[in-house]
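Chemist: A predicted structure for the sequence below; I have some questions about it.
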Amino acid sequence: MKKARDSRTRRAGKMTPHPGHGPGHCLNILKQLSAYIDDELPSEICEELRRHLGACPNCEVFIASLRDTVTLCRHRPTPALSASDRAALRLNIIRASKSGSRR
Amino acid sequence: MPRRTANTPPDDSQGPDGFDKLYRDHVDLLYRYAHRLCGEVEAAKDLVQETFLNAYRGFRGFRGDAQVSTWLYTIASRACMRMRRKRKGEPERELSLDEFVPTSEGEFRLQIPMEGLTPEEAFENKELREALDQAIQKLPKKYRMTLVLRDMEGLSAKEVGAIIGASERAVKSRLHRARLFVRRELSARGITQPGHGSETPSMRGSLT
């Protein structure tokens, strides 16, 4: 994985636009990147996309950054409730349900 | 009466024991979801409280067709929509794919500073952590909900659709736009990996 990233960075350093990169073409590629990352595309479209990505450093770097974004979202830790907060919240809910009011 | 399945909460959810079980089994899950949606502690607690109150009151209408967690996610998502509306009253912004099409080579090159790092190592970078949290909070709420449920809570597109009341196709479309939005926010910040020197010119201000 590190090797792939290093190669990506090296390529990004001397990138030139791929001839297939008209606005319409870009939009078509761009539309499918999440489905590609999530492995939801039919194999023939996947293959076509892979061919394009292999030939186009711009799109290759773009999809790598989108993949990084998804990875970060999937691994973002969130704080947990403390035991005292959990107990206090439970009491609030019980009180509110008895009184019929909301905090 | 709710149809009894393995997914159905205890019959006497209106009673203290039933509520305690529902609360004990799901409070951590709901708080995590609420915190991801709201981005801060007090609002997350408010949302958890609102969700359990609504669940408590609406239990008789729960048919047991879904898992309890899905049912609670649904209640929390609706409550969040209402809370946000009360607070801001801003119209929902739609995200268009066109706005994410890079128009220059520099925009294509923008990268997230996690080269060669595990996500845990990347999150040691405080700037990156904050940028991610801010990007998620900047998302219009229906996109934020979709991203949080799918990429952070790990639910399937079908489950997310059931929770937010959208088709699977709409979920995938919103998720894609939300990811593109967050990617742009993160990469356009010009955050550098600690110890990797200053940002490259291409990472600076190419996207606004």
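Modeler: It's in.

Chemist: for the rest of this, base every contact and every neighbour count on C-alpha atoms.
Modeler: Will do.

Chemist: which residues in chain B form helices?
Modeler: B:16-38, B:41-58, B:68-88, B:105-109, B:119-122, B:126-138, B:141-147, B:157-164, B:168-188 (DSSP state H).

Chemist: same for the shortest one, what does it pack against?
Modeler: What it means is helix B:119-122. helix A:57-75 (3 or more C-alpha pairs under 8 Å, 6 or more residues apart in numbering or on different chains; DSSP states H and E).

Chemist: anything in the helix it packs on near chain B?
Modeler: Yes. Under the criterion of C-alpha under 8 Å from any C-alpha of the partner chain, chain B is reached by helix A:57-75 at A:58-59, A:61-62, A:64-66, A:68-75.

Chemist: out of the helices of chain B, the one nearest A:I45 is which?
Modeler: helix B:168-188 (17.1 Å; C-alpha to C-alpha).

Chemist: buried sites along the closest one?
Modeler: Neighbour counts over helix B:168-188 (16 or more other C-alpha atoms under 10 Å in any protein chain shown) mark B:168, B:171-188 as buried.

Chemist: skip the chain neighbours and tell me the closest residue to B:S77.
Modeler: B:I164 (7.0 Å; C-alpha to C-alpha, 6 or more residues apart in numbering or on different chains).

Chemist: need the contact list for that neighbour.
Modeler: B:I164 sits next to B:74, B:77-78, B:146 when contact means C-alpha atoms under 8 Å, 6 or more residues apart in numbering or on different chains.

Chemist: do B:P140 as well
Modeler: B:92-94.

Chemist: between those residues, which is closest to chain A?
Modeler: Nearest to chain A, judged by C-alpha to the nearest C-alpha, of the contacts of B:P140 is B:E94 at 15.9 Å.

Chemist: now the spatially closest residue to that closest one that is not a sequence neighbour: phi and psi?
Modeler: Nearest non-adjacent residue to B:E94, counting by C-alpha to C-alpha, 6+ apart: B:P140, 7.5 Å away. With angles defined as degrees, to the nearest 10, B:P140 sits at phi -60, psi 150.

Chemist: what separation do you get for B:P140 and B:Q134?
Modeler: Distance of B:P140 to B:Q134, given as C-alpha to C-alpha, to the nearest Å: 12 Å.

Chemist: same check, this time on B:L175
Modeler: 17 Å.

Chemist: likewise for B:I112?
Modeler: In terms of C-alpha to C-alpha, B:I112 sits 15 Å off from B:Q134.

Chemist: more crowded one of these two?
Modeler: Remark: of B:I112 and B:Q134, B:I112 carries more neighbours, 27 against 15, as counted by other C-alpha atoms under 10 Å in any protein chain shown.

Chemist: now do the contacts for the nearest residue in space to the more buried one that is not next to it in sequence.
Modeler: Sequence neighbours aside, B:S187 is the residue nearest to B:I112 in space, at 5.2 Å (criterion: C-alpha to C-alpha, 6+ apart). Contacts of B:S187 were listed using C-alpha under 8 Å, 6+ apart, and they are A:65, B:110-112, B:203.

Chemist: let's see it at 6 Å
Modeler: B:110-112 (C-alpha atoms under 6 Å, 6 or more residues apart in numbering or on different chains).

Chemist: now these in CSV, with pLDDT?
Modeler: Shown next, in CSV, are the contacts of B:S187 (pLDDT from 0 to 100):
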residue, pLDDT
B:L110, 78
B:Q111, 81
B:I112, 86
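
Chemist: which one among these gets closest to A:N92?
Modeler: Closest to A:N92, out of all of the contacts of B:S187 and judged by C-alpha to C-alpha, is B:I112, at 41.8 Å.

Chemist: got the phi and psi for the closest one?
Modeler: Torsion angles, degrees, to the nearest 10, at B:I112: phi -90, psi 130.

Chemist: repeat for B:M114
Modeler: phi -140, psi 30.

Chemist: so what's it closest to, chain neighbours aside?
Modeler: In space, B:M114 is closest to B:A122, 5.3 Å off (C-alpha to C-alpha, 6+ apart).

Chemist: count the residues that sit near the one you found.
Modeler: 19.

Chemist: pLDDT-wise, which helix or strand of chain B ranks last?
Modeler: helix B:105-109 (a mean of 76; mean pLDDT, DSSP states H and E).

Chemist: restricting to C-alpha, output it in PDB.
Modeler: Presented in PDB, the C-alpha positions along helix B:105-109 are these (Å, rounded to 0.1, in the frame of the first residue of the first chain):
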ATOM      1  CA  GLU B 105      -4.500  20.200 -12.800                       C
ATOM      2  CA  GLY B 106      -3.800  21.600  -9.400                       C
ATOM      3  CA  GLU B 107      -7.200  20.600  -8.200                       C
ATOM      4  CA  PHE B 108      -6.700  17.000  -9.400                       C
ATOM      5  CA  ARG B 109      -3.400  16.800  -7.500                       C
END
